[in-house]
Structure formats: C-alpha cells, structure tokens
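Chemist: Quick one: sequence and predicted model below, then my questions.
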Amino acid sequence: MGNLDFAYPVAAGEKTGQQVVVPAPRPFVESLKGSLKETFFPDDPIRQFKGQPLSRKLVLGLQYFLPILEWAPRYTFQYFKADIIAGITIASLAIPQGISYAKLANLPPILGLYSSFVPPLVYAMMGSSRDLAVGTVAVASLLTASMLGNEVNAAEHPTLYLHLAFTATFFAGVFQASLGLLRLGFIVDFLSHATIVGFMAGAATVVCLQQLKGILGLEHFTRGTDIVSVMRSVFTQTHQWRWESGVLGCCFLFFLILTKYFSKRRPKFFWISAMAPLTSVVLGSVLVYLTHAEKHGVQVIGHLKKGLNPPSLTDLAFGSQYLTTAIKTGIVTGVIALAEGIAVGRSFAMFKNYHIDGNKEMIAIGTMNIVGSCTSCYLTTGPFSRSAVNFNAGCKTAVSNIVMAIAVMLTLLFLTPLFHYTPLVVLSSIIIAAMLGLIDYDAAIHLWKVDKFDFVVCISAYVGVVFGSVEIGLVIAVALSVLRVLLVIARPRTHVLGNIPNSMIYRNVDHYPVANNVPGVLILQIDSPIYFANASYLRERILRWIDEEEERIKSSGETSLQYVILDMSAVSSIDTSGISFIDEVKKNVERRGQQLVLANPGSEVMKKLDKSNMMEEIGQEWIYLTVAEAVGACNFMLHTCKANSNADNIV
C-alpha cells in the first residue's frame, strides 16, 4: 500500500534527509520595510532610478507622472492617422452622450460638453492607457443626482446644486489622486467582480427607469430612484403621457439598438453604432425643427451658450452647509469611477499586450477631476462604451483623446446653437441604449455556475440598487464581499489527508477517494495563515477531527490513533494567537496519549516557533520537511513499538 509500510532505517528519535532549519534572523526594521514594500510598492517603481545620474532620475520622474514624455518622442505619422480617425469617431459619441449624462445628473447639458474637453487633455498627458476614452459616465451621473438630490433640489436651487457638483468632483479627484500617491489602490479591490456586475446592472436598470420621464414627456417626476417610486410616479400620471414623445422615443431607441446589434454581428462596421447617437441627435433636431414638435409636448434642450469652459474655482462650495454631502458624494462616485476606469483600461491593455500602472491611473484620473472641477466639469472617468469604440476604431495612443477634445472644442465654439431643437426624448433613448449593454446576463449566469456566493453578492447588489437606492446597493454588495473575506479568514478549511496508492503523495481524502488512511496516524492540512481571528476555530475543529477519527477507529477495530500530523504547507504566517493554538493542540493531543507532528512549516512559521520556544516544546525530532517524511517516521515508530511489544510477550 504505497509507502505505508516503508520503514526508515534509523533509531528512534533520529531523522534522515534534510533537517527543518530556522531561517536566519532579520532585524525588525528590515522585516517591516520588506512588508511595507510588498504592500504599497509591489511593482517596485523605484527600481528604474537605481544607479542613474541625477539628470536621468529627473527625466524618469517626469516620465513617471507624465507618460506622454515617454512615448511622444517615438510618435509617428502612421499613429497619428489612426488616432485622428479614432478621435473623431469617439467625439461623435461623446457629444450626444455628454449632453445626455449631464441631464441625467440634473446638471445643465453644456456641462457634458465641458467635461469632454478639459479632462481628456489632462488624461492624455498623465494616463498610461492607450485605449481609455475619457468622459462622463451614466452611473456616476446617477450617483451625483441621487446623493446631491437628497439634500438640494436641482430645480429649486440650480446654482447651489451646480456648485455642490463641482465640489463633489473636486473631492473625488483629491481622493482618487491620494489613493495613487499613497499607493492605496488595493482599497478599490474590495469592489469584487461580482459586486461590480450586480451594481452596474442595477444602476443601468435604475437609469433606464429614470428615462421614462423623457420617453413619456412627463414634467413632474419622483426624486426617488427605486423601482417602486418610479412605477408609482409613472402610472399615477397616465393622463399626462405624451404619445408624440413616446412614439419618437421608441423609434429612436429601436434605431440605436438595431445599429448596435448590427455592429456587434459585423465588427468591421463598428462605426455605424458609434455614429448612431449623433445621427439620432441630428435627425431628431431636424424633425422637431420642421414639425414644430416642441409646441406639441416634445421637450427640447433649448439654448446652449457658446464658448469654452469658464473657470469655476471660486464656485467650489467649501463653506457650504452641505459640504459633508459633497465630500461623501465625491468619495462614493470617485471609487466607482476608479473601479470602472481601471477595469476598462486593464481589459483593453490585455488585448494589446501592454501594461498599465493602476496607481498612475489613479493619479491621472484624480488630477483630471481636480482640474475639471476648476473648469466647470463634473466627474469623468473612462467609460466602457466610449473606450470600446476607441479601441475598435484602431487608436494607437492617448492622442485620440486630444483629437476628441479638439472636436468638442470646435463644437463649443461654433456648433452649440444647432442643439437648440434636440429633443430630450432622443437623449433618453441614447442613455437607455447605452445602459442596456451594462446589464450583463452572461456574467451573472457564469457566476451562478462557478460560485454561488458570488452570485448572491451580485444579485444582492442588483436588488439593493433597484429596490432601495444606489447607495444601499453599493453598501450591501461591499458588506457581503467583506463578509466573505472575513469568513475565509475566520473559518479556514481543514482537510484529512490520505496516501495515494503506490506513491509518496498525500491528498484530501474527500477529493481523492482512492487515498488511504494511514493506520495509527491522522494527517490534517490547514489551508490558511493562523491568526487571532481563526485560532480558536482551528483548535476546536482539529480536536473535532481527532474525536471523529477516534470514533471511526473504535467502530472499525483498527490500530489506535497515535500520531496527529499537521501539514503546515499552506500556513504562510502565524501570530502569537496561532502559537498559543499549537501549544493548546499539543497539550490536548498529549493528554490523549498521542504525539503532535508538524510537516512543512514555512520560514515565517519557523521563526515564530523558534522565538516562542515552541520548537523545544514540540521537539525538533517531530518537525519534518514533508508529510511523507513525517508519515515514514511515525510508521517506523509504530512498527518499532509493535516489535518491542511482541518481543516482550514472547519473553
């Protein structure tokens, strides 16, 4: 039976093979420095500065914060031809989307164009992604409207609401840039993939529901975002529904969905879907102008003033009584914007096989929002829809953002009067068409197949957003994700290991039914570090394993349990509570007349065992490099004891 009968030709208490050694001690300051480096500087950005002259270090420092200085000298005319096509293409999408999302945020439509001019220029200089197309996003716009709207009514106090939006954008930028500068980007990782899928789908559903106001031509609408409030508001105003607006909205929505479906089936014709929103705006404006539909219940944008972004530094409401609300809005929207922007950037970087620095992206996105808040812009990031168009259009560098910004600048200077007759229902159709793509059914189904808990997190986020509010959904999703992390830490898995026949390999007996139990030996594997949070649980669980094994042996009449081997290969670290756990398990095992054996402890574990004198308590002879060596030694001792017992009986 494998190596179970293998006897080590050694005397009792001796060991063969390589002895488990204690690693050389490191000074505390050096250990702390190493831990901090791995936590905050896993990519080791300082490495490139080593051994460089001062002038070169200065250049590298500027290139780190302004990546454009690194790639601009290698820029070619071929790149420019690709970028100018991509830039014009995304501008055709950015202009109608910018106006639409500004309306969604309860802000003047012109702010959507302002926000598509200055921030892309900042990002082009500081961003590390070649494919990210900067602009406003629906979810952040909805969050802004929801969180600020709870305190200030945009219709009754438009100036105050506008100033609070600028202030929230400023704090979002400060928060984002601070995360990058302090290397705290791992905080964003608490928004798991399942959380983002559910949250985005819920937010998209809420956004679509909010557009019923524009589709049906309603003038008064609920300030709530939950589905119950929206449906109540819609169906209690059936007498105010405008069929003209509804027909127009449905026609344009059908057109937008049809073009998106066609472009998805024929990727080479991606530009059809990209041009569809601007085409809808043009057609809608011409139709309203020719038919005077604005006099028959079809609401239009109205006057948009010409000119570039006016400064708004003095409009930041630092002294407002609603400053706390602005800060909270900025932090929440900033986290969501970061999560979306970095996720989108990494996705497209993977397709083109290049790397983007998450901390650089945080600094770039944060800086563009700080600058934007001072130039009449509200929150921007890298939306998926616009970045996908940029990618498909063949962009080569961030110059496509500069081209888009120039196109928006020309629009602001010369073309804004043309949007006077743009019907709001067209903007609602554009938003709905864009939002439908954020409801990822396939991802939810995949979560259900792979991990039920992740699916619960996803659905909880969705239900929280749709039936509660955007903030409630986000809190529920993050809370469940953190709960899962805590459960993994506080309730780690332990397994009984058995021997794979005709081998020296030991595996989980539940996973490998062919694995055999070792007579007289219980082998347990601990699958996580041992901390204060899980030490008590592990003690109770291991003692329960021992009780269950003794009951099994008693019922089957096998050899009594003599040795308990703990496989420590997955225990990367241990604290003082973990040391106490080992001591308590050892004492409990010895009271039962058994011996505790450790197998494959890591360097950090060996350090703690040595410093706490637990190695002396356990005995160096009961610590082994591998489970196979530990089992071999235990078998040798069992056979030796059995032979001695037989000899005594003969005598």
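Modeler: Cool, the structure landed.

Chemist: low pLDDT regions in the stretch 251-400 of the chain?
Modeler: 297 (pLDDT under 70).

Chemist: and with 80 instead?
Modeler: Within the stretch 251-400 of the chain, the stretches with pLDDT under 80 are 267-271, 274, 293-299, 343, 347, 350-351, 384-385, 392-393.

Chemist: likewise the stretch 51-200 of the chain?
Modeler: Residue ranges of the stretch 51-200 of the chain with pLDDT under 80: 51-52, 184-193, 200.

Chemist: what about the helices in it?
Modeler: Counting by DSSP state H, counting those that start in this stretch, the stretch 51-200 of the chain has helices at residues 54-65, 68-71, 77-104, 110-114, 118-126, 138-149, 158-181, 193-210.

Chemist: E616: how many residues sit nearby?
Modeler: Counted with other CB atoms under 10 Å, the neighbours of E616 add up to 10. Yep, even glycine has a C-beta here, placed from its N, CA and C like the rest.

Chemist: Which helix or which strand is home to it?
Modeler: E616 is part of helix 614-618, with elements assigned from DSSP states H and E.

Chemist: do the same with I356
Modeler: Secondary structure from DSSP H and E places I356 outside every helix and strand.

Chemist: For it, give its distance to V21.
Modeler: Look at I356 and V21: by CB to CB, to the nearest Å, they are 42 Å apart.

Chemist: List the buried residues of the helix holding E616.
Modeler: Within helix 614-618, the residues that qualify as buried are 614-615, 618, counting by 16 or more other CB atoms under 10 Å.

Chemist: and what of stretch 174-186?
Modeler: In stretch 174-186, counting by 16+ other CB under 10 Å, buried: 174-177, 179-180, 183, 185.

Chemist: what's I523 sitting at in phi/psi?
Modeler: When read as degrees, to the nearest 10, the backbone of I523 gives phi -110, psi 120.

Chemist: Out of the buried residues of helix 614-618, which is nearest to D454?
Modeler: M614 (38.2 Å; CB to CB).

Chemist: For this structure, just list every one of the strands.
Modeler: Here the chain has its strands, by DSSP state E, at 494-499, 506-508, 521-526, 563-567, 595-599, 623-624.

Chemist: Adding distance to F269, mean pLDDT and mean neighbour count as columns, could you present those in JSON lines?
Modeler: As requested, the strands of the chain are exported to JSON lines (distance: least, CB to CB, whole Å; pLDDT from 0 to 100; neighbours: other CB atoms under 10 Å):
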{"stretch": "strand 494-499", "distance to F269": "54", "mean pLDDT": "92", "mean neighbour count": "21"}
{"stretch": "strand 506-508", "distance to F269": "52", "mean pLDDT": "91", "mean neighbour count": "20"}
{"stretch": "strand 521-526", "distance to F269": "55", "mean pLDDT": "93", "mean neighbour count": "23"}
{"stretch": "strand 563-567", "distance to F269": "58", "mean pLDDT": "93", "mean neighbour count": "24"}
{"stretch": "strand 595-599", "distance to F269": "61", "mean pLDDT": "93", "mean neighbour count": "23"}
{"stretch": "strand 623-624", "distance to F269": "65", "mean pLDDT": "92", "mean neighbour count": "24"}
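
Chemist: Tell me how far S603 lies from A461.
Modeler: Using CB to CB, we find S603 at a distance of 40 Å from A461.

Chemist: Compare these two (neighbour count), which wins?
Modeler: For S603 versus A461, the count of surrounding residues by other CB under 10 Å is larger for A461: 31 against 13.

Chemist: Now that G214 has come up, it's in contact with I432, right?
Modeler: No. Counting by CB atoms under 8 Å, G214 sits too far from I432 to count as a contact (9.2 Å).

Chemist: Could you report the distance from V564 to V631?
Modeler: In terms of CB to CB, V564 sits 12 Å off from V631.

Chemist: shared neighbours of the two, which are they?
Modeler: V521 (CB atoms under 8 Å, 6 or more residues apart in numbering).

Chemist: contacting residues for M275?
Modeler: 89, 92-93.

Chemist: just checking, Y378 touches A102?
Modeler: Yes. Shown here, Y378 and A102 form a contact pair, counting by CB under 8 Å, at 7.5 Å.

Chemist: Which residues are in contact with each of those two?
Modeler: Common neighbours of Y378 and A102, using CB under 8 Å, 6+ apart, are 111, 115, 136, 141.

Chemist: so how far is Y161 from the closest residue in space to A398 that isn't next to it in sequence?
Modeler: Leaving aside its chain neighbours, A398 sits nearest to A124 (4.2 Å; criterion: CB to CB, 6 or more residues apart in numbering). Distance of A124 to Y161, computed by CB to CB: 30 Å.

Chemist: Please name the residues that touch the residue nearest to P601 when sequence neighbours are not counted.
Modeler: Distance criterion CB to CB, 6+ apart; nearest residue to P601, sequence neighbours excluded, is M568 at 4.3 Å. By CB under 8 Å, 6+ apart, the contact set of M568 is 526, 598-602, 605.
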